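[1] The amino acid sequence is not available; the structure is as follows:
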């Protein structure tokens, strides 16, 4: 199991979110397997980044993360904009 490290800006995003508990639960599960999609959480490897980055999709919320030194680093969080 890997440690999950959440960037302060992602913590701030979660604090302002109505579904905070559900999102945190999905982020914690990345420590078990950060590569495989599961029910309610879609994972995709991102292209065009300097190093291997992944995207976790939970409903309309998106989280970008990378894996380094045996840790999952949650780097970005944003809400999908449906225009």
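    Perfect, thanks for sending it. If you're wondering where the values come from, they're calculated on a predicted model, not measured in any experiment. Numbers count the residues shown, from 1 in each chain.

[2] how about the helices in this structure?
    According to DSSP state H, the chain carries its helices in the segments 8-15, 20-29.

[3] Can you say which of those helices is nearest to residue 66?
    With C-beta to C-beta as the measure, helix 8-15 is the member of the helices of the chain nearest residue 66 (12.9 Å). Where you see a C-beta, it was placed from the backbone N, CA and C, and this is true even at glycine.

[4] So which residues make contact with that closest one?
    Contacting residues not belonging to helix 8-15 are listed as 6, 20, 23-24, 63, 74-78 [C-beta atoms under 8 Å, 6 or more residues apart in numbering].

[5] Next, the buried residues of it.
    10, 13-14 (16 or more other C-beta atoms under 10 Å).

[6] Now distance to residue 52 too, for these, in JSON lines please.
    JSON lines is the format used below for those (distance: C-beta to C-beta, whole Å):
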{"residue": "10", "distance to residue 52": "19"}
{"residue": "13", "distance to residue 52": "22"}
{"residue": "14", "distance to residue 52": "24"}
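
[7] so can I have a markdown table of the residues you listed showing distance to residue 58 and pLDDT?
    Converted to a markdown table, the buried residues of helix 8-15 look like this (distance: C-beta to C-beta, whole Å; pLDDT from 0 to 100):
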| residue | distance to residue 58 | pLDDT |
| --- | --- | --- |
| 10 | 13 | 96 |
| 13 | 12 | 96 |
| 14 | 11 | 96 |
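
[8] pLDDT weak spots in this protein?
    82-83 (pLDDT under 70).

[9] Of all residues in it, which one is nearest the centre?
    residue 63 (3.5 Å; C-alpha atoms, centre = their mean).

[10] Who does the residue lying closest to that one once chain neighbours are set aside form a beta bridge with?
    In this structure, residue 63 finds its nearest non-sequential neighbour in residue 56, 4.4 Å apart by C-beta to C-beta, 6 or more residues apart in numbering. Here residue 56 shows beta-bridge partners residue 43, residue 63, assigned using DSSP bridges.

[11] ok, residue 56 - contacts?
    26-27, 30, 41-43, 62-65.
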